[in-house]
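Novice: I would like to see how this sequence folds:
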Amino acid sequence: MYEPPHMDDRLKHSTATLDPGFDIFPDLLFLVSPDGIILDYRGGRYAALYARPDAFLQHSMHEVLPPTVSAQFADAIARVCATQTPVAIDYTLPMPDGEHAFEARLVPLRPDAILAICRDVTDTLRTNERLATEQAQQKFDNAIDELEDLARRNDIPPGALRGQ
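Specialist: Take a look at the predicted model:
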């Protein structure tokens, strides 16, 4: 008669199967207790870690993160526990190459654990800011071109629009 594998064996097999896949994801996954203790993490981007794993595993977010960020997480964890619904937060952390922006989604996983999915969105924000600046510059240049064209058509001397 068939006996299903023991749950621990299935979990070990699942973990062994999935672990290599985490190396390709940009997200960092943290398993956090309702009182803010970081229980475990997964993710392939060591460079994106704010601290070494031995400095944050089994430690409170309050001990590891800057006060404003740990307060954001504490509030988000409280909301997740109270509502049993996902909560999203945005925060920044000082990193060796400058300040980085992050998004985190906190999801109730089980009564004693919350999954925090964190993504470094710094490059995306910088690209969006650069594009917005380029678009604003292009609009400004177009407006100047239109004014200069209007001035030429109405025999307004060059430089008159600039007070010269």
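Novice: residue ranges for the helices of this protein, please.
Specialist: 7-18, 53-56, 61-64, 67-83, 122-153 (DSSP state H).
Novice: in CSV, list the C-alpha atoms belonging to the fourth one.
Specialist: The reference is to helix 67-83. Coordinates of each C-alpha in helix 67-83 appear next as CSV, following Å, rounded to 0.1, in the frame of the first residue of the first chain:
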residue,chain,number,x,y,z
PRO,A,67,14.5,53.9,13.0
THR,A,68,12.2,55.4,10.3
VAL,A,69,12.3,52.2,8.2
SER,A,70,11.8,49.9,11.2
ALA,A,71,8.8,52.0,12.3
GLN,A,72,7.3,51.7,8.8
PHE,A,73,7.8,47.9,8.9
ALA,A,74,6.3,47.7,12.5
ASP,A,75,3.2,49.6,11.3
ALA,A,76,2.9,47.4,8.2
ILE,A,77,3.3,44.2,10.2
ALA,A,78,0.6,45.4,12.7
ARG,A,79,-1.8,46.2,9.8
VAL,A,80,-1.1,42.8,8.2
CYS,A,81,-1.8,41.0,11.5
ALA,A,82,-4.9,43.0,12.2
THR,A,83,-6.4,42.7,8.7
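Novice: show me which residues of the longest strand along the chain are buried.
Specialist: If each strand of the chain is counted by residues according to DSSP state E, the longest one is strand 98-110. Applying a neighbour-count criterion of 16 or more other C-beta atoms under 10 Å, one finds 100-106, 108 buried in strand 98-110. Any C-beta I mention is one placed from the backbone N, CA and C, and that applies to glycine too.
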